[in-house]
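Novice: take this sequence and fold it.
(chains A and B)
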There are 2 protein chains.
Amino acid sequence: MSIINKAAAIGGGVIGAGWVARLLLNGIDVSIFDPDPEASRKVGEVMKGARRAYKQMLPGGLPKEGKLTFAKTIAEAVADADFIQESVPERLDLKHRVLVEIDAHAPANAIVGSSTSGIKPTDMQVAMKKHPERLVVGHPFNPVYLLPLVEIVGGEQTFPEAIEVAKELYASIGMKPVVVRKEIEAFVGDRLLEAAWREALWLVKDGICTVEELDDIMRYSFGLRWAQMGMFQVYRVAGGEAGMRHFMAQFGPCLKWPWTKLMDVPEFNDELVDLIATQSDEQAHGLSIRELERIRDDNLVAIMEALSRQNKGKGWGAGALHRDYTKQLAKLAAKPADKADNKAKTAKPAKKDAKPAKAEKPAKTDKAKKSKKKG
Amino acid sequence: MSIINKAAAIGGGVIGAGWVARLLLNGIDVSIFDPDPEASRKVGEVMKGARRAYKQMLPGGLPKEGKLTFAKTIAEAVADADFIQESVPERLDLKHRVLVEIDAHAPANAIVGSSTSGIKPTDMQVAMKKHPERLVVGHPFNPVYLLPLVEIVGGEQTFPEAIEVAKELYASIGMKPVVVRKEIEAFVGDRLLEAAWREALWLVKDGICTVEELDDIMRYSFGLRWAQMGMFQVYRVAGGEAGMRHFMAQFGPCLKWPWTKLMDVPEFNDELVDLIATQSDEQAHGLSIRELERIRDDNLVAIMEALSRQNKGKGWGAGALHRDYTKQLAKLAAKPADKADNKAKTAKPAKKDAKPAKAEKPAKTDKAKKSKKKG
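Specialist: A predicted model of the protein is given here:
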């Protein structure tokens, strides 16, 4: 069961609405602020997709949904929230304006998470005059209601305790928190994505392949590998009996071969945008974005469920987490009365239900060491 | 049913043995040459793993395995083969020596595929004095017996007809051939992998994360996405109703932000190798390479089977292909007598059984345009 009693979402775009969906489907009340007059319709559509996906995960029925309220101001949205997630566009000035408001009106002990995919928390929390120590980056991946990863990054003023509470909060709604050890722009996930994206743009621009061919090359090969083991573990296995050292000895030198064009960035002009947009239209083969979205969600649920049955039934990776998450939701669906009890509790980490799934590895202490200054 | 009557494998390492396993499990006889005195044991171990995986795919039983022969020379191995795949180490001089032998002794119309992950076919085929026009790169991904992708690349002397026949040959053993439109080193898959690998080395070297944390970041987020849709389709959907043009407009400029360290290559010294090898040992949590390999294979089968039930039962991407592949193998298992009939046929593309799975998209003509000179 979640340890969040009342959440606030600032921003209701694809990411913000994804957070709202995950929270509501965990039975948590959410107050959202988004000045877009279309916000209600857009959030409603994301909720529809999320409900559809969760129904597949929970054939026995969904938990009672949390209540969604549209607030007229940030102050109103955050007033009694213990967890606030901002997902406004990626402009530092805008983040500052929003964080000032959140900081001024949120309860002192509320955790503030930012969905930014690249801005350093230190650069954001300077705007917070009251409690900058409770800001963390909580960077999710689309679709937020299904993909479990959240990268947690603290800034110079972030308290280590805030990182710990944030980990528990995110884990309590079925997510996999990974704490990034040092603050850098774009963190870890988006650095890897940026690297692949740049190379992909070159390959398409140079006519080596179309976007559809590139996508096929990914999803019929290493995409299947990376859904269950990351790059290093995959190479460890590929190294065979001799293991990682052998693999590195073999493969390491390749890094000095002139095999990428990453030293440079392709000129980002209308021609390149046209080329990619046109090829992307062809690739969709007439399927609308909504149809593709449903197919994507179905596929993600099916992959996670498949992985949840692996490793002698204990589940593997995202599948082990998925198993625990659906169990937790099913329990919540079965006992709607518990929710009121939970409300009475404080927002302290509820050790029993909130800890991250153990996945395939033996239990161990968290070795993440944060070297943070207190503000 | 496969259109390959007799195959030869030159090199029996992880990749070579993976090819042998895929071919034998399709009921095709294989003659292998590998000077390593341990070759037989090593191939046997890969076969054991492959058999184990295929048994999960085919609960009704496997086709009668092809016969494996260890040849004493390349000449002996290729003598009566209609398909030859070389998987020797990635050194151009060695590739040349091996290709000269293959070319001198193979039947004139046999297709020669190279497993190289980076060397241009033009640079390899110069060594072939008799029939350089039948050399193609056929770059697979480990484990070859499970992952369907094969990148096909022709060199300056490669005949377009050879590309077409190679496509049919690989498709006939359950693979997804993608023809790379222009010859570049490392082709498409390994360019993307190289880009991600370099960035990953920086992130670990700089202490931003450990190899386990990086792997978790991949497999709980975009790894799940890329097992079913590639990068461009994923972003098309993320762009929402406005589609790809909107996404590009939003995301494009990010490419100019200083968000990767790809301009440079980390110094590849003992310290870096130690750091990664040690972290990789910790990440394995006591699981041996063999155990990890079995888990990987089980996961891959489970993911492909999960995807084979998607898209209103028609299967999606690698899952649609997997569905057709297992059907083909089950048919082969049910009718062992057919094999002899098939042997009598020539190696011409057997249109009915050999065409690639249609996956989720409407049937369409192959739009790949090769601009190759005839040798």
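Novice: show me which residues of the stretch 51-200 of chain A sit near chain B.
Specialist: Within the stretch 51-200 of chain A, the positions adjacent to chain B are A:118, A:141-142, A:147-149, A:151, A:176, A:178, A:180-182, A:184-200 by Cβ under 8 Å from any Cβ of the partner chain. For the C-beta atoms, the positions are set from N, CA and C on the backbone; glycine is no exception.
Novice: filter those residues down to the ones in strands?
Specialist: A:149, A:151, A:176, A:178 (DSSP state E).
Novice: buried ones among the residues you listed?
Specialist: Among these, those classed as buried by 16 or more other Cβ atoms under 10 Å in any protein chain shown are A:149, A:151, A:176, A:178.
Novice: if I pick the second one, what's in contact with it?
Specialist: Listed by Cβ atoms under 8 Å, 6 or more residues apart in numbering or on different chains, the contact partners of A:Glu151 are A:137-139, A:178, A:180, A:187-189, B:217.
Novice: again, only using 6 Å
Specialist: Contacts for A:Glu151 (Cβ atoms under 6 Å, 6 or more residues apart in numbering or on different chains) come out as A:139, A:178, A:180, A:187, A:189.
Novice: turn these into JSON lines, including pLDDT.
Specialist: Shown next, in JSON lines, are the contacts of A:Glu151 (pLDDT from 0 to 100):
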{"residue": "A:His139", "pLDDT": "98"}
{"residue": "A:Val178", "pLDDT": "97"}
{"residue": "A:Val180", "pLDDT": "98"}
{"residue": "A:Phe187", "pLDDT": "94"}
{"residue": "A:Gly189", "pLDDT": "95"}
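Novice: can you put those in a markdown table and add distance to A:Gly315?
Specialist: Formatted as a markdown table, these follow (distance: Cβ to Cβ, whole Å):
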| residue | distance to A:Gly315 |
| --- | --- |
| A:His139 | 24 |
| A:Val178 | 18 |
| A:Val180 | 25 |
| A:Phe187 | 26 |
| A:Gly189 | 22 |
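Novice: take these and keep only those in helices.
Specialist: When DSSP state H defines the helices, the subset of those inside them is A:Gly189.
Novice: hang on, the earlier thing: would you check which pair of the buried ones among the ones in strands among the residues of the stretch 51-200 of chain A next to chain B lies furthest apart?
Specialist: For these, the farthest-apart pair by Cβ to Cβ is A:Glu151 and A:Lys176; their separation is 9.8 Å.
Novice: ok, back up a step: what subset of the residues of the stretch 51-200 of chain A next to chain B is buried?
Specialist: Of those, these count as buried by 16+ other Cβ under 10 Å: A:118, A:141-142, A:147-149, A:151, A:176, A:178, A:180-181, A:184-200.
Novice: can you show me the helices along the stretch 251-375 of chain A?
Specialist: A:270-283, A:289-308, A:318-334, A:338-344, A:351-354 (DSSP state H, counting those that start in this stretch).
Novice: quick one, domains of chain A?
Specialist: As assigned by automatic domain parsing, chain A contains the domains A:6-179, A:189-308.
Novice: for B:Ile276, find the nearest of those domains.
Specialist: domain A:189-308 (6.3 Å).
Novice: now the end-to-end length of the closest one.
Specialist: Domain A:189-308 has an end-to-end distance of 23 Å (Cα to Cα, to the nearest Å).
Novice: quick one: it to chain centroid distance?
Specialist: Put simply, domain A:189-308 sits 19 Å off its chain's centre (Cα atoms, centre = their mean, to the nearest Å).
Novice: got the buried residues for the helix or strand where A:Tyr54 lies?
Specialist: Secondary structure from DSSP states H and E places A:Tyr54 in helix A:39-57. In terms of neighbour count (16+ other Cβ under 10 Å), helix A:39-57 has its buried residues at A:39, A:42-43, A:46-47, A:49-50, A:53-54, A:57.
Novice: can you list contacts of that helix?
Specialist: A:12, A:17, A:20-21, A:25, A:62, A:145-146, A:297, A:301, A:326.
Novice: next, A:Gln85: secondary structure please.
Specialist: Following DSSP: H, G, I helix; E, B strand; the rest coil, we place A:Gln85 in the strand state.
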